[in-house]
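**Student:** Build me a model:
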Amino acid sequence: LCNAYTVSSRGISAIGYNPANLGYTEDLTFSADLFDFKISAFNNFMSLALFNQYFTGDRDGNPFDLEQTMLGSDMTHKEFLLSEIPIDGFAFGVGVSLPLPALNFSYGNYAFTSGVEYYMRNSLPRALFEIVMDGNQIGRSFDLAVSQDLLMVTNFGFSFAIPFEKYNIGATIKYLAGIGFAGIDSSGGSFSTQATGLESDGFYRYTRAIGGNGLAVDLGFNTRKIDNWQFGLAINNVLGFINWGNDDNLIAKNIGLIEAIVPVRDMFQISADSSKYSASTLYTMEMENVNVTGALSDPDSLFSMHDQPVAVPDSIRMNYPAIFRMGASYQYKNDFIVMGDLSAGLDDYYFANRSWRLAVGAEWIRFKMVPIRSGMAFGGPYGREASLGAGVHLIWFDVDLALKLLGGMSFATAEGIELGMSFQFKR
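**Tutor:** Residues are numbered from 1 along each chain as shown. Sure thing, here's the model as predicted:
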């Protein structure tokens, strides 16, 4: 359904979308996650169709000639490929959501939830691809800005809904136990070829921390059925923050036990000899008048790399991204439900994006034991999305599978994929 769940989600599945949906106790009294996960991988450039066209050779198995002019255009294939890479660079990443088994359940108007969230996104400058494909022309300057965002958080939430005659209101209060984060705060500099040689002054600052305490609040509202219509809205993480790097958190207090299993400080490049749980480093790369003659006579003088520790406060406060969503659904007899969501991030980092996203979906419910779902979405971080899902719903158990294509409406044009599965007990 491409996450068009602001109105249609029920029971434990409502949490993370609209806690007011817990007020529909006539639809579902008790539900519990026995096994649940969602994983995604994405980029903003390469699709299967693009890869097959340009990187698997021509019909004879020879490398594709990128200097050819495209049919019906003055643009070469090389120019087309470069135009497909966004101005802010080639981005790629993964996301994982893993609710903790047996620690996610709803009963009546209340729910308790827990889970682990992982998000990672990196980007490389477009300049790298321009240099590879066009060469480093004399006098042209190439931007070296890069980015990285990595976040790992465990959350524990309590949700409730208050039903009224014509509407429900609900809220979720979440404790955010930060595992770790890492990111590039700032980066830049340039690379250029001058008559005297190569020059560069690239830099980036890399900050990371482990262990954090935080809080987040979701608020939701929805209506009762109005001639088979329902409407709702919610704000996820309307209040949300994590304080990182101090010694008053679960990770810091149990660092010895944790590192006996996983060397978490080594993973985040934080000195195990220090009492601090955060670090920041400034990396620089300098090149000046590097040429063939100098390189042959003294290879070590090609460029100089430096890393310098940067002071960080004892506690780093991070705002947890907020998302606004509103939706509607219409049920046609006992045959199918059509639903739509309009959403946008109030922030523009991690899993939130300020671009508006419209999602529409339908669920065929004539045969309640085997519901079939499909949806599509436009806007947001991926531009276009398409999804297909199905389930087997028995008296006490539900098993559901869903596949979503990111950045395209088919397997050939998609630039990412998301797979989800849930196994729930219900009454």
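**Student:** Check which helices and strands the helix or strand containing Ala234 sits against.
**Tutor:** In this assignment (DSSP states H and E), Ala234 forms part of strand 229-244. For strand 229-244, the packing partners by 3 or more C-beta pairs under 8 Å, 6 or more residues apart in numbering; DSSP states H and E come out as strand 167-188, strand 197-223, strand 316-319, strand 323-332. Bear in mind the C-beta positions are built from the backbone N, C-alpha and C, glycine included.
**Student:** repeat that for 10 Å
**Tutor:** Under the contact criterion of 3 or more C-beta pairs under 10 Å, 6 or more residues apart in numbering; DSSP states H and E, strand 229-244 touches strand 167-188, strand 197-223, strand 316-319, strand 323-332, strand 336-345.
**Student:** got these as JSON lines, with mean neighbour count, mean pLDDT and distance to Thr6 columns?
**Tutor:** Compiled in JSON lines, the helices and strands packed on strand 229-244 are given as follows (neighbours: other C-beta atoms under 10 Å; pLDDT from 0 to 100; distance: least, C-beta to C-beta, whole Å):
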{"stretch": "strand 167-188", "mean neighbour count": "19", "mean pLDDT": "95", "distance to Thr6": "12"}
{"stretch": "strand 197-223", "mean neighbour count": "21", "mean pLDDT": "94", "distance to Thr6": "8"}
{"stretch": "strand 316-319", "mean neighbour count": "17", "mean pLDDT": "93", "distance to Thr6": "23"}
{"stretch": "strand 323-332", "mean neighbour count": "19", "mean pLDDT": "96", "distance to Thr6": "3"}
{"stretch": "strand 336-345", "mean neighbour count": "21", "mean pLDDT": "96", "distance to Thr6": "5"}
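**Student:** Now tabulate those strands in JSON lines and tack on distance to Asn246.
**Tutor:** As requested, these are arranged in JSON lines below (distance: least, C-beta to C-beta, whole Å):
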{"stretch": "strand 167-188", "distance to Asn246": "10"}
{"stretch": "strand 197-223", "distance to Asn246": "7"}
{"stretch": "strand 316-319", "distance to Asn246": "9"}
{"stretch": "strand 323-332", "distance to Asn246": "27"}
{"stretch": "strand 336-345", "distance to Asn246": "27"}
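**Student:** Which of those sits closest to Trp229?
**Tutor:** Nearest of the helices and strands packed on strand 229-244 to Trp229, taken as C-beta to C-beta: strand 323-332 at 5.4 Å.
**Student:** show me where pLDDT drops low in the chain?
**Tutor:** In the predicted model of the chain, residues 291-303 satisfy pLDDT under 70.
**Student:** switch to 80 and redo it
**Tutor:** 57-61, 273-275, 288-303, 314 (pLDDT under 80).
**Student:** all helices for the stretch 1-150 of the chain, in order.
**Tutor:** For the stretch 1-150 of the chain, helices defined by DSSP state H, counting those that start in this stretch occupy the ranges 48-54, 77-84, 126-134.
**Student:** any chance of these in CSV, with distance to Phe112 and mean neighbour count too?
**Tutor:** CSV is the format used below for the helices of the stretch 1-150 of the chain (distance: least, C-beta to C-beta, whole Å; neighbours: other C-beta atoms under 10 Å):
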stretch, distance to Phe112, mean neighbour count
helix 48-54, 41, 14
helix 77-84, 46, 15
helix 126-134, 46, 15
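**Student:** I'd like these as TSV, with distance to Gly375 appended.
**Tutor:** Formatted as TSV, the helices of the stretch 1-150 of the chain follow (distance: least, C-beta to C-beta, whole Å):
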stretch	distance to Gly375
helix 48-54	21
helix 77-84	26
helix 126-134	32
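**Student:** Just tell me which of those helices ends up closest to Leu198.
**Tutor:** Nearest to Leu198, of those and by C-beta to C-beta, is helix 126-134 at 11.1 Å.
**Student:** what helices or strands is that closest one leaning on?
**Tutor:** helix 77-84, strand 90-99, strand 141-143, strand 190-194.
**Student:** between it and helix 77-84, how many degrees?
**Tutor:** Using axes from the mean of the first three to the mean of the last three C-alpha atoms, to 10 degrees, the direction of helix 126-134 lies 180 degrees away from that of helix 77-84.
**Student:** Can you show me the CA trace of helix 126-134 as PDB?
**Tutor:** Extracted in PDB, the C-alpha atoms of helix 126-134 (Å, rounded to 0.1, in the frame of the first residue of the first chain):
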ATOM      1  CA  ARG A 126      29.200  14.000  -9.000                       C
ATOM      2  CA  ALA A 127      32.600  15.300  -9.800                       C
ATOM      3  CA  LEU A 128      34.200  11.800  -9.400                       C
ATOM      4  CA  PHE A 129      32.000  10.500 -12.300                       C
ATOM      5  CA  GLU A 130      32.700  13.600 -14.400                       C
ATOM      6  CA  ILE A 131      36.500  13.100 -14.000                       C
ATOM      7  CA  VAL A 132      36.200   9.400 -15.000                       C
ATOM      8  CA  MET A 133      34.000  10.100 -18.000                       C
ATOM      9  CA  ASP A 134      35.200  13.500 -19.200                       C
END
